[in-house]
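Peer 1: Based on what follows, work out the 3D shape:
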Amino acid sequence: MKERFLAFNDALYVACLWVAGIAIVVMTAVIPWGIFTRYVLGTGSQWPEPVAILLMVVFTFLGAAVSYRAGAHIAVAMLTDRLGAVPRRVLAGIVHLLMFGVAAFMIFYGTRLCLETWGQSISEIPAIPVGLTYTPVPLGGLITLLFVIEHVLCGSQHARAIVTFDHAQAEPEAL
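Peer 2: So this is what the prediction gives:
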């Protein structure tokens, strides 16, 4: 069961990494298009700014989950580096508890935000409901929550190889 959970989280991690990466690449193409149409063609496109904002939200919330799992998030280790092993473990537990709380907050209130704004539309892109633009918030919270649970139960991801499943063998294998 542990191997399946780790394999699922590894696949989720790679998918989030790709989606966040694609979002930032597309965002860097959309913004110059908006500038080009406004200043060169003289007729500014209305869609680049809201699309860029949506892509930034996707990049931010999925990228934050990926960063947490990889241990690459912003951390100030000046205090913890000077502590002994026991206080360091206690602080790590507090950090995981706080991350669990933040992720749960994002899931609960992010879902409420999505539901309450689903009937509204973006004026520049009427086909996209406002609630859809907020879905990275609860989704990123859920993914972060899974990664927090993994970190607490299985240890840090960056201390082991990524696990995948070969469907023919049904056994986990390291890449």
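
Peer 1: how about low-confidence regions in this structure?
Peer 2: Within the chain, the segments meeting pLDDT under 70 span 76, 159, 161-175.

Peer 1: tell me the centre residue of it?
Peer 2: If you average the C-alpha coordinates of the chain and look for the closest C-alpha using Cα atoms, centre = their mean, you land on L62, 1.5 Å from that point.

Peer 1: Report the buried residues of the host helix or strand of it.
Peer 2: In this structure, L62 sits in helix 48-70 according to DSSP states H and E. Buried positions in helix 48-70, judged by neighbour count with 16 or more other Cβ atoms under 10 Å: 48, 50-52, 54-55, 57-69. To be clear about C-beta, it is placed using only N, CA and C from the backbone, and glycine gets the same treatment.

Peer 1: repeat for stretch 17-36
Peer 2: By neighbour count, with 16+ other Cβ under 10 Å as the criterion, the buried positions of stretch 17-36 are L17, V19, A20, A23, M27, V30, G34.

Peer 1: Dihedrals phi and psi, the residue of the chain positioned farthest from its centre?
Peer 2: Within the chain, the residue lying farthest from the chain centre (Cα atoms, centre = their mean) is G42, at 36.7 Å. G42 adopts backbone torsions of phi 80, psi 0, taken as degrees, to the nearest 10.

Peer 1: S45 too?
Peer 2: When quoted as degrees, to the nearest 10, the phi and psi of S45 stand at phi -70, psi 140.

Peer 1: Contacts only, for it.
Peer 2: Neighbour list for S45: W33, G34, T37, R38 [criterion: Cβ atoms under 8 Å, 6 or more residues apart in numbering].

Peer 1: and whichever helix in the chain runs longest, how far from the chain's centre?
Peer 2: Longest helix in the chain by number of residues (criterion: DSSP state H): helix 2-39. Between the mean C-alpha point of helix 2-39 and the mean C-alpha point of its chain there is a distance of 9 Å (Cα atoms, centre = their mean, to the nearest Å).
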